[in-house]
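**Q** This is a predicted model, with the sequence first.
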Amino acid sequence: MIYTVNMKKISLYLFATLSVVLLNIVTVMADPGGSDPLPCDPDDPNCPLDTWVIVLVAAALIAAVIHLQRKQKALQA
């Protein structure tokens, strides 16, 4: 059985997911202050990973959407 994908539903889901992620990032970045922009040594394994994470998430989402669209086209052919 071939399942059809409603693009409107997918785009609404993607918009809602991105909105939640971006709004949470804004609240997390609301730092009360601090003098050191890098609070820990970058070579320290306990240092939090916060550099370019948004770009990584966006690239993963784009890759997933492209993969799912290609898979859907292959099923329709």
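**A** Done, it's in. Numbering: from 1, shown residues only.

**Q** switch to C-alpha atoms for all contacts and neighbour counts from now on
**A** OK.

**Q** so where is this protein shaky, pLDDT-wise?
**A** Low-confidence segments of the chain (pLDDT under 70): 1-4, 25-39, 42, 48-51, 77.

**Q** Which residue ranges of it form helices?
**A** With DSSP state H as the criterion, the chain has helices at 7-28, 53-76.

**Q** In the longest one, which residues are buried?
**A** For helix 53-76, a neighbour-count test (16 or more other CA atoms under 10 Å) marks nothing as buried.

**Q** Kindly report the same for the first one.
**A** Using 16+ other CA under 10 Å as the test for burial, helix 7-28 gives no buried residues.

**Q** re earlier: dump the helices of the chain into JSON lines; add distance to Asp41 as well.
**A** Shown next, in JSON lines, are those (distance: least, CA to CA, whole Å):
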{"stretch": "helix 7-28", "distance to Asp41": "21"}
{"stretch": "helix 53-76", "distance to Asp41": "18"}
